[in-house]
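# The following comprises the amino acid sequence and a computationally predicted model.
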Amino acid sequence: MTNVSGRTAFITGGANGIGLGMARAFARAGARLALIDQDEEALARAKAELAATTEVETVVLDVRDRAAFAGVADRIEARLGPVSLVVNNAGVAGGAPAARLTYELWDWGLGINLEGVVNGVQTFLPRMVERGEGGHIVNTASGAGLVGSDTSGVLYATAKFAVVGMSEALHSELKPQGIGVTVLCPGPVATGIIARTRRLQPSVVRSMSAEQRERAIARSAVMTKLLADGVQPDAVGAMVLDAVQNDRLYVLTDRSMAQRINQRTAALLDGMPAA
């Protein structure tokens with residue numbers, strides 16, 4: 001069991017949504033917080049709220065920037081002590097239909113949703129191993145990282161499947177060293193990720209037909225409503241804290257993926273040669 005009290009938690013995407021929910025949970029459990037985000041105003045609000053509970057440092061950072069990531073890690077550890085709780089949560093929800101994707105969109109989506117996780121692990125894991133004091137890594141993936149579908153989109157699913165696989169492999173390798181790994185695969189959560197993504201995403205330069213545009217608008221409306229009715233971020237934060245404390249690999253926030261996971265598992269087994 002991992003005791004988070006007195007440890008330093010480094011949380012990317014920590015000023016909004018699920019990241020803020022996790023920050024609140026870790027703060028209540030006694031962890032010091034380094035909140036990392038690109039939203040400076042949200043970081044200020046989060047710090048004002050959480051500083052009454054624990055020590056908090058905030059930094060504006062693009063998780064794709066490896067050199068800046070390393071510099072921020074040095075500054076945070078100098079101020080708050082060694083980071084032994086690494087929460088790679090920053091992410092975006094955008095993309096485009098497969099035939100309309102561009103290299104710019106691929107680089108943007110994979111850069112944040114996958115390479116941002118890689119950068120967090122690569123920055124902190126060698127330090128954690130060298131110190132030999134254990135710790136825990138939390139990687140935010142998605143239910144879309146367990147079962148591919150046309151609703152999540154090819155770009156998003158590609159990144160999130162990779163995060164799940166990376167987390168599973170890390171979990172096996174790091175367990176003997178006392179470092180736990182949890183992969184968060186949320187279903188619908190009541191966050192503003194779609195609106196925030198829309199402000200950040202590169203333009204889709206390939207033209208759309210009127211029918212394609214209508215479908216895209218309708219899909220966005222459906223997803224926005226689905227998220228609004230989803231699990232609250234604070235509830236997700238409590239689930240993740242419990243998983244860290246009890247060294248559980250998977251956190252799914254609801255049972256919305258159960259049928260599709262069963263169908264995928266059956267299809268994989270059906271694809272094997274007969275015994």
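Looks like it came in fine.
# three-state assignment of residue 90?
When classified by DSSP: H, G, I helix; E, B strand; the rest coil, residue 90 comes out as coil.
# One more: residue 138?
strand.
# For residue 107, see how far away it is.
25 Å (CB to CB, to the nearest Å). (C-beta placed from N, C-alpha, C; glycine too.)
# of those two, who's got more company?
residue 138 (25 against 13; other CB atoms under 10 Å).
# pretty sure that one contacts residue 84?
No - applying CB atoms under 8 Å, one finds residue 138 not in contact with residue 84, separated by 11.9 Å.
# In this structure, what residue spans correspond to helices?
Ranges of helices within the chain are 17-28, 40-50, 66-80, 103-110, 116-131, 154-174, 193-200, 210-228, 233-245, 258-270, based on DSSP state H.
# Just give me how far the first one sits from the chain centre.
For helix 17-28, the gap between its own C-alpha mean and the chain's C-alpha mean amounts to 13 Å (CA atoms, centre = their mean, to the nearest Å).
# quick one: average pLDDT of that helix?
In this model, helix 17-28 has a mean pLDDT of 98.
# Just want the angle from that helix to helix 40-50.
30 degrees (axes from the mean of the first three to the mean of the last three CA atoms, to 10 degrees).
# before we move on, back to that, check the helices of the chain for me and report the most buried one.
Most buried of the helices of the chain, by mean neighbour count (mean count of other CB atoms under 10 Å): helix 17-28, with a mean of 25.
# what does that helix rub up against?
4, 9, 11-14, 33, 35, 37, 42, 46, 50, 53-54, 56, 85, 87, 89-90, 138, 140, 184, 186, 189, 191-193, 232-238, 240-241 (CB atoms under 8 Å, 6 or more residues apart in numbering).
# again, 6 Å this time
4, 9, 11, 13-14, 33, 35, 46, 50, 53-54, 87, 89, 189, 191, 193, 233-234, 236-238, 240-241 (CB atoms under 6 Å, 6 or more residues apart in numbering).
# Same question for stretch 186-205.
17-18, 92-94, 96, 100, 104-105, 108, 143, 224, 226-228, 230-232, 236, 253-254, 256.
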